[in-house]
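Undergrad: Need the 3D shape of this:
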Amino acid sequence: KPGTIDDATAKVLSAINARRGLKVDYTNLAGEESTRHIDPVKLVENEGHTAVLAWCHNVKAQRNFRIDRMRRIEVLDGQISAEAAQMFENIDSLSDNPYNPSPSDHDVVVEVTPEAYALVSQFTVLSQPKKVSDSTVRATIKVGRLENLGKLIARYGGAARVIEPKVARDIVRDYALASLGREPLVQSKM
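TA: Residues are numbered from 1 along each chain as shown. I've put the predicted structure just below:
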């Protein structure tokens, strides 16, 4: 049915099978809208959402795009990029991780209880999580945009907390204060 998730998934799958690019209007986790030119390679599932692993021409890197955040999907004519062709050649070794870090991402140390273990699984983990107590583990994850961290941590209602860096802790604290209708203590700068 046009305009549904099933229709969007069918268009993406069609582009993957035909090795064609897509032009999509996309809304990211922060609510920012952009038009993206992507070469889709593989469908992945995460936490009940279907995403597509693709080469993004806008940022010149592999990215995952949730299909439910796509609007106006247009299948493009012509060849896919050399980078996407290489991804197809190595499809079995591609990660299904919904987050693919870039060199400019930040290292963030988090502590999570079982209710928030999913947080760690969404990101690239830089070291094996270490047990801090019977139910808490500490891990270092790669985060692209620190300004989105407050919203992300708040989802877990106290089951996740940021340990370092300080700027990340400040962002989470200020997000919580704003959610309570209070003024942030400091305007965090990145």
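Undergrad: Please count neighbours and contacts with C-alpha atoms only from this point.
TA: OK.
Undergrad: Could I get the full set of helices for this protein?
TA: Ranges of helices in the chain, per DSSP state H, are 5-18, 82-89, 117-121, 149-154, 166-179.
Undergrad: Tell me which residue lies farthest from the centre of the protein.
TA: Residue farthest from the centre of the chain, counting by C-alpha atoms, centre = their mean, is Asp134 at 29.0 Å.
Undergrad: Arg36: which of the helices of the chain is closest?
TA: Checking the helices of the chain against Arg36 by C-alpha to C-alpha gives helix 5-18 as the closest, at 13.5 Å.
Undergrad: So which elements touch the closest one?
TA: Contacts defined by 3 or more C-alpha pairs under 8 Å, 6 or more residues apart in numbering; DSSP states H and E place helix 5-18 against strand 33-46, strand 70-75.
Undergrad: which one of the ones you listed is the most hemmed in?
TA: Highest mean neighbour count among those (mean count of other C-alpha atoms under 10 Å): strand 33-46, with a mean of 20.
Undergrad: next one: that strand to chain centre, how far?
TA: Counting by C-alpha atoms, centre = their mean, to the nearest Å, strand 33-46 is centred 11 Å from the centre of its parent chain.
Undergrad: do stretch 18-30 as well
TA: Distance, stretch centre to chain centre, for stretch 18-30: 14 Å (C-alpha atoms, centre = their mean).
Undergrad: May I see the buried residues of the lowest-mean-pLDDT helix or strand in the chain?
TA: Lowest on mean pLDDT, DSSP states H and E among the helices and strands of the chain sits helix 117-121, with a mean of 77. Residues of helix 117-121 classed as buried: 117, 119-120 (neighbour count, 16 or more other C-alpha atoms under 10 Å).
Undergrad: want to try TSV for the residues you listed, with distance to Ser179 as columns?
TA: Formatted as TSV, the buried residues of helix 117-121 follow (distance: C-alpha to C-alpha, whole Å):
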residue	distance to Ser179
Tyr117	23
Leu119	20
Val120	23
